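S.K.: Build me a model from this:
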Amino acid sequence: MAGALSEKSFLTKFVEAGFTRVEVLEISENKRTRNPEAYVLTLSAKKAAVDLRAPLRKTQKQIIIGREGAAESLRELWIFPVAPETCNLACTHCLYAASPKTRNPYRLSRDELSRLLAQVEAVDAKPHFLFTGGEPTLHPELYDFLDTVDDKGYSFQLMTNGTRIQKETATRLSKMPHLTKVQISLESADPKINDSIYGVGLYRRALGAVDSLREKGVAVTLAATPMESNQEGLADLERLAVEKGADVKYISLYDLGSAKERGLKPSRGASDGNNQSDSTLMCDKGVAYSEGAFYPCPVLVKEPGTKLGDTLDEALSPESRQRVAKLREVHSACQVCLKGST
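M.R.: Numbering: from 1, shown residues only. Okay, here's the model as predicted:
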């Protein structure tokens with residue numbers, strides 16, 4: 001098993017297919033690829049006597065995180081250093097309708113980050129931080145903020161379009177021991193398809209960022225949104241990821257923002273089982289923070305009626321968790337996640 005399909009997602013695929021008692025018998029070097037992180041698994045898998053898929057879906061709908069037990073249950077904290085609509089690109093499917101033309105002066109301040117970290121420490125949690133956007137690298141102090149989180153021992157990742165990642169920034173990122181990966185948006189191994197979604201020349205710039213990061217030993221994940229426009233090239237994208245020593249993550253298309261304005265449709269089916277996310281919904285394992293407020297997840301940031309509060313304590317309150325449960329029943333984006341993608 002190599003490249004785009006992680007061990008976790010491979011085993012999950014077998015479970016979803018109706019197998020149980022999946023046991024790893026042997027792990028050996030994969031000699032068919034130059035990817036040093038690729039390997040071959042020999043597995044033993046027995047057919048389940050019952051359908052395992054129903055209980056998995058039922059588990060997804062449970063409210064997991066809250067004030068009580070936050071030290072264990074708060075596993076992810078999404079942070080928007082800039083407003084969601086602030087970006088140097090205008091991608092056709094962006095759920096925030098982000099664009100260089102958007103003018104929002106918000107920038108996460110150093111004091112704001114300190115208060116946020118203090119709230120996390122107050123509940124004795126050690127969440128994984130996900131710095132996202134918008135385009136987070138537009139924040140002039142982003143790398144200082146990453147250093148701060150790294151120095152405190154929190155694991156974290158950076159989610160970017162890669163256009164502002166240079167050799168110097170790749171070097172700086174490589175010196176952060178708690179950085180787990182940099183996720184770079186890339187929609188196809190075909191430059192024409194990718195650039196029709198992101199803009200002319202963006203394929204080359206994204207691959208340049210990937211190469212700079214991999215040269216410094218930084219783990220990279222290529223993030224793609226399977227749509228009608230790129231569905232034929234997803235297998236090639238996975239092969240490209242293997243060549244670059246990267247992983248692939250598929251992100252659902254939500255009927256929000258630019259995707260809704262353009263009437264974009266999801267692909268008829270993503271390439272075989274390579275979504276690396278686990279079976280837990282984003283709102284069951286974390287919260288998102290943007291412009292001084294908390295939300296159930298990054299998808300619902302600034303969506304009407306989704307704000308959970310101005311503090312982490314409010315976001316984890318029983319009242320907020322019940323609001324999340326109700327949102328799942330009525331919001332179209334929640335329905336997308338409940339169908340199987342986080």
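S.K.: quick one, strands of this structure?
M.R.: With DSSP state E as the criterion, the chain has strands at 19-29, 39-47, 76-79, 128-131, 156-160, 179-185, 220-224, 247-250, 286-290, 293-295.
S.K.: Reformat these as CSV; add mean pLDDT, mean neighbour count and distance to residue 309.
M.R.: Placement of C-beta: from N, CA and C, glycine included. Formatted as CSV, these follow (pLDDT from 0 to 100; neighbours: other CB atoms under 10 Å; distance: least, CB to CB, whole Å):
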stretch, mean pLDDT, mean neighbour count, distance to residue 309
strand 19-29, 62, 11, 41
strand 39-47, 61, 13, 44
strand 76-79, 99, 22, 14
strand 128-131, 99, 22, 19
strand 156-160, 99, 23, 23
strand 179-185, 99, 21, 27
strand 220-224, 98, 22, 29
strand 247-250, 97, 23, 29
strand 286-290, 98, 25, 9
strand 293-295, 99, 22, 6
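S.K.: Redo those strands as CSV? Include distance to residue 111.
M.R.: Shown next, in CSV, are the strands of the chain (distance: least, CB to CB, whole Å):
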stretch, distance to residue 111
strand 19-29, 47
strand 39-47, 45
strand 76-79, 14
strand 128-131, 17
strand 156-160, 19
strand 179-185, 24
strand 220-224, 31
strand 247-250, 33
strand 286-290, 14
strand 293-295, 16
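S.K.: now for those, which one comes closest to residue 143?
M.R.: Across these, residue 143 has its closest neighbour in strand 156-160 (9.4 Å, CB to CB).
S.K.: Give me the contact list for that closest one.
M.R.: 128-133, 135-137, 146, 149-150, 173, 178-185, 209, 223 (CB atoms under 8 Å, 6 or more residues apart in numbering).
S.K.: Could you please name the strands it pairs with and the direction of each pair?
M.R.: strand 128-131 (parallel), strand 179-185 (parallel) (DSSP bridges).
S.K.: Next one: the closest residue to residue 190 other than its chain neighbours from residue 195, what distance?
M.R.: The shortest distance from residue 190 to any non-neighbouring residue, by CB to CB, 6 or more residues apart in numbering, is to residue 233 (5.0 Å). Here the criterion is CB to CB, to the nearest Å. By it, residue 233 lies 13 Å from residue 195.
S.K.: List the residue ranges of the stretch 151-300 of the chain that fall below the pLDDT cut-off.
M.R.: Across the stretch 151-300 of the chain, residues meeting the criterion (pLDDT under 70) sit at 269-279.
S.K.: ok, which stretches of it are helices?
M.R.: 167-174, 191-198, 202-215, 234-244, 257-262, 282-285 (DSSP state H, counting those that start in this stretch).
S.K.: Mean neighbour count added to those, as a markdown table?
M.R.: Putting these into a markdown table (neighbours: other CB atoms under 10 Å) gives the following:
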| stretch | mean neighbour count |
| --- | --- |
| helix 167-174 | 16 |
| helix 191-198 | 19 |
| helix 202-215 | 19 |
| helix 234-244 | 19 |
| helix 257-262 | 15 |
| helix 282-285 | 22 |
